[in-house]
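K.L.:
quick one, what's the 3D model for this:
(one chain, ligands or ions: 2)
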Amino acid sequence: MPGGAVLEGRGLHRFYRRGDVEIPALRDVSLAVAPGEMVAVVGPSGSGKSTLLAMLAGLDDPDGGSVWVAGERFSHRGPADQARLRGRLIGILTQASGLVEHLTVLGNVQLAASFRPPRATSPDPRSLLVDLGLGSRAHARPSTLSGGETARANLAVALAGGPLVLLADEPTAEVSRDEEADILALLRQVRPADGATVVVSHSATVAAAADRVVHMTDGILR
Ligand SMILES: Nc1ncnc2c1ncn2[C@@H]1O[C@H](COP(=O)(O)OP(=O)(O)O)[C@@H](O)[C@H]1O
Ligand SMILES: [Mg+2]
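P.N.:
Ligands and ions are numbered 1, 2, ... in the order given. Here you go, the predicted structure:
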């Protein structure tokens, strides 16, 4: 992979069909993320941000171009293979809470960590919660958490087991403006230290936490 990028989308195209209309959701999008780098993709609703993350997460294949993770081609290799690689390498954070209600916060982090083969840099679940200011909430049920605590618990689950890549889709959509900057600063602090982080958001606040900001408009990345 050129430049030793951890994560790379190369010339990505994705079209959706709605009746007779073809919607170009991604148009020749290329993005390479270096080890340790945190990139913010900022753009309005409908600009193609979630589509890009789905390609980078191997949840959907591009109609043109390719995705590379840790030197391996990640796109067009079949759902089972992609799921295996995703489980090993990629943490995904969405605005919807993925917490399991019958487990405590710590139980949720431990469950997520158990799916990932340990790496030297895998965080201990308890320390991860302490780093995220959730030390005192480790034994709480998800439904008793505040909005900000839920966002931080979701971040802990996404980072459980130490993924190489963190992909976040509007991670602060459900929190107040005051909490938004705090959560993004925390995300920056606990992100994969040697890996790639991509955060997409319609909110320009995310820019302050990132090493680099790129803009998405009508499926084009600049
Ligand atoms: N499954 C789908 N079927 C049809 N159109 C879609 C689908 N997913 C997304 N789109 C369209 O693709 C464009 C980009 O959507 P999306 O990636 O969700 O943007 P964003 O995350 O920036 O809001 C939009 O025009 C959206 O309506
Ligand atoms: Mg979206």
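K.L.:
nearest to ligand 2: which residue in this protein?
P.N.:
Here the chain gets closest to ligand 2 at one residue, Ser50, 3.2 Å apart by Cβ to the ion. All C-beta spots, glycine's among them, are computed from the backbone N, C-alpha and C.
K.L.:
so which helix or strand takes in that residue?
P.N.:
Take DSSP states H and E as the rule and Ser50 turns out to sit in helix 49-56.
K.L.:
what about the most centrally placed residue in the chain, is that helix, strand or coil?
P.N.:
The residue lying closest to the centre of the chain (Cα atoms, centre = their mean) is Leu167, at 1.4 Å. Look at Leu167: counting by DSSP: H, G, I helix; E, B strand; the rest coil, its state is strand.
K.L.:
follow-up on the earlier one: now do the helix holding Ser50: distance to the chain's middle.
P.N.:
Counting by Cα atoms, centre = their mean, to the nearest Å, helix 49-56 is centred 10 Å from the centre of its parent chain.
K.L.:
by contact count, what packs against it?
P.N.:
When contacts are defined as 3 or more Cβ pairs under 8 Å, 6 or more residues apart in numbering; DSSP states H and E, helix 49-56 packs onto strand 7-18, strand 21-33, strand 165-169, strand 196-201.
K.L.:
and among these, the most buried is which?
P.N.:
strand 196-201 (a mean of 26; mean count of other Cβ atoms under 10 Å).
K.L.:
thought Ala34 was touching Asp194?
P.N.:
No: with contact defined as Cβ atoms under 8 Å, Ala34 does not count as touching Asp194 (10.4 Å).
K.L.:
tell me the mean pLDDT for stretch 113-125?
P.N.:
For stretch 113-125, mean pLDDT rounds to 91.
K.L.:
buried set for it?
P.N.:
113, 116, 119, 122-123, 125 (16 or more other Cβ atoms under 10 Å).
K.L.:
what is the end-to-end distance of it?
P.N.:
Across stretch 113-125, the terminal residues are separated by 8 Å (Cα to Cα, to the nearest Å).
K.L.:
tell me the residues of the chain that contact ligand 1?
P.N.:
By Cβ under 6 Å from any ligand atom, the residues of the chain that approach ligand 1 are 16, 18, 23, 25, 43, 45-51.
K.L.:
farthest-apart pair in the residues you listed, please.
P.N.:
Arg18 and Gly43 (20.2 Å; Cβ to Cβ).
K.L.:
before we move on, back to that, filter the buried residues of stretch 113-125 down to the ones in helices?
P.N.:
Within the buried residues of stretch 113-125, residues falling in helices by DSSP state H are 113, 125.
K.L.:
show me what from this protein comes close to ligand 2.
P.N.:
Counting by Cβ under 5 Å from the ion, the positions of the chain adjacent to ligand 2 are 49-50.
K.L.:
low pLDDT regions in the chain?
P.N.:
1-3 (pLDDT under 70).
K.L.:
quick one: the strands in it, in order.
P.N.:
Taking DSSP state E as the criterion, the chain contains strands spanning 7-18, 21-33, 38-42, 64-69, 72-73, 90-93, 165-169, 196-201, 212-217, 220-221.
K.L.:
rebuild these as CSV, extending it with distance to Ala156.
P.N.:
CSV is the format used below for the strands of the chain (distance: least, Cβ to Cβ, whole Å):
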stretch, distance to Ala156
strand 7-18, 21
strand 21-33, 22
strand 38-42, 17
strand 64-69, 22
strand 72-73, 27
strand 90-93, 10
strand 165-169, 12
strand 196-201, 15
strand 212-217, 25
strand 220-221, 29
